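S.K.: Structure, please.
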Amino acid sequence: MVRVAISVEGQTEERFVQMSIVPYLQERDIYAMPFLLGRTGGNVSFARIKKDLNRLAGSFDKVTTFYDFYGFRDKDDNDSKTSLEQKIKNCVAGPLRDRIIPYIQMYEFEGLLFSSPDAIASVLEDDELLIWAKDILRQFGGDPERINDSPQTAPSKRFALTPYRKITHGPNIAKEIGIDALRGKCTGFDNWLAILAGLQ
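M.R.: As a prediction, this is how the structure comes out:
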């Protein structure tokens, strides 16, 4: 059985990994476990990433990350998903670097939830949110990972207008959607899960 540590930036992501990703990978004989960045979460910086990944890489077969692009504090104006992922990999030196599978979620976890407007409306118990979520998704060509990252229009900011409570509702909505449906709508997320599911 392959043992995988998943470094996450907050309690919402930790709960999502525990509820949805861990059982999904377990069915594929992969043992995964989430770890809060810096043991407390938040403040995604290369200094904290370097410390955590080096610690985890010594104890697990593989170490992957699940950080939001939007909340990444150390990114430069010209940084992309790819460049950030390479910088994350470079945080670990020597042979342990091969154990690192960096992943940045575009633009943040809440974007994934727009994969199913029905699930949003169902979990938040508000039928009007079905139209609201469909309209947002339509603006971005049906691609949840394109919902942009301005301070006013990031996915989490859009949810601020609803009864949404991050730590509780976020993972519950994702669970209702299901990993396969999330993968079907979100290319970046799908590629990441394909790598993890294919580990041997």
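S.K.: Could you break the protein into its assigned domains?
M.R.: As given by automatic domain parsing, the domain ranges for the chain are 2-107+186-197, 109-183.
S.K.: a markdown table for these, including mean pLDDT?
M.R.: Below are the domains of the chain laid out as a markdown table (pLDDT from 0 to 100):
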| stretch | mean pLDDT |
| --- | --- |
| domain 2-107+186-197 | 94 |
| domain 109-183 | 95 |
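S.K.: Tabulate those (CSV), appending mean neighbour count.
M.R.: For the C-beta atoms, the positions are set from N, CA and C on the backbone; glycine is no exception. Output for the domains of the chain, formatted as CSV (neighbours: other C-beta atoms under 10 Å):
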stretch, mean neighbour count
domain 2-107+186-197, 18
domain 109-183, 18
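S.K.: which residues in this structure form strands?
M.R.: Along the chain, counting by DSSP state E, strands occupy 2-8, 30-36, 62-68, 100-101, 104-105.
S.K.: Make CSV from those and add distance to Gln18 to it.
M.R.: Below are the strands of the chain laid out as CSV (distance: least, C-beta to C-beta, whole Å):
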stretch, distance to Gln18
strand 2-8, 9
strand 30-36, 6
strand 62-68, 12
strand 100-101, 18
strand 104-105, 16
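S.K.: Let me see the contact set for Met106.
M.R.: Met106 makes contact with 69, 81, 145-146, 149, 188 under the criterion C-beta atoms under 8 Å, 6 or more residues apart in numbering.
S.K.: Pick the one among those residues closest to Tyr107.
M.R.: Nearest to Tyr107, judged by C-beta to C-beta, of those is Asp149 at 3.9 Å.
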